[in-house]
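A.B. asks: just need the structure, nothing else, for what follows:
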Amino acid sequence: MKQYTWFIEPLDYTTNVLVFNEVGDGNFSDNVLCADGQKHNLYKCPRKTVYSLCKSKTMLNLKFNIFIREGNGKIRQNKLLYQKAAKK
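C.D. replies: Numbering: from 1, shown residues only. Predicted structure coming up:
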């Protein structure tokens with residue numbers, strides 16, 4: 001069974017404060033080298049927190065990226081999680 005670790009990268013002050021209040025400073029890491037070769041400031045958080053932020057993203061005007069790590073692999077951006085399916 002694969003184990004996943006979820007991360008949020010806040011892209012503005014408001015989102016940063018909200019995520020900090022939700023998961024705390026102990027889950028923050030700055031300048032984390034990810035699979036894209038770039039360094040990102042990430043909060044490690046439970047999947048349910050990621051889901052909750054995605055549900056509130058539009059209503060609260062939140063700006064963030066979602067990252068995921070499978071097992072001990074590299075941290076990579078997850079662009080497809082919780083996006084609405086395109087209408088056919």
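
A.B. asks: what about this structure, any weak spots by pLDDT?
C.D. replies: In the predicted model, the chain carries pLDDT under 70 at residues 81-88.

A.B. asks: next, count neighbours for the residue lying closest to Gln3 once chain neighbours are set aside.
C.D. replies: Once flanking residues are discounted, Gln3 sits nearest to Gly71: 5.7 Å by C-beta to C-beta, 6 or more residues apart in numbering. C-beta: built from backbone N, CA, C; applies to glycine. Neighbours of Gly71 under the rule other C-beta atoms under 10 Å: 8.

A.B. asks: what do you get for Leu62?
C.D. replies: 19.

A.B. asks: now swap in Cys45 and tell me
C.D. replies: The burial count for Cys45: 20, using other C-beta under 10 Å.

A.B. asks: give the bridge partners for Val32, please.
C.D. replies: Taking DSSP bridges, one finds His40 as the beta-bridge partners of Val32.

A.B. asks: for it, give its distance to Lys55.
C.D. replies: Distance, Val32 to Lys55, using C-beta to C-beta, to the nearest Å: 25 Å.

A.B. asks: more neighbours, these two?
C.D. replies: Taking other C-beta under 10 Å, Val32 and Lys55 do not tie; Val32 has more neighbours (17 against 11).

A.B. asks: against His40, how distant is Gly24?
C.D. replies: Taking C-beta to C-beta, one finds Gly24 at 18 Å from His40.

A.B. asks: please say which of the two ends up with more neighbours.
C.D. replies: Neighbours per residue (other C-beta under 10 Å) separate Gly24 from His40, with His40 holding more: 17 against 12.

A.B. asks: show me what contacts the more buried one?
C.D. replies: Residues near His40 by C-beta atoms under 8 Å, 6 or more residues apart in numbering: 9, 31-32, 34, 65, 67, 75.
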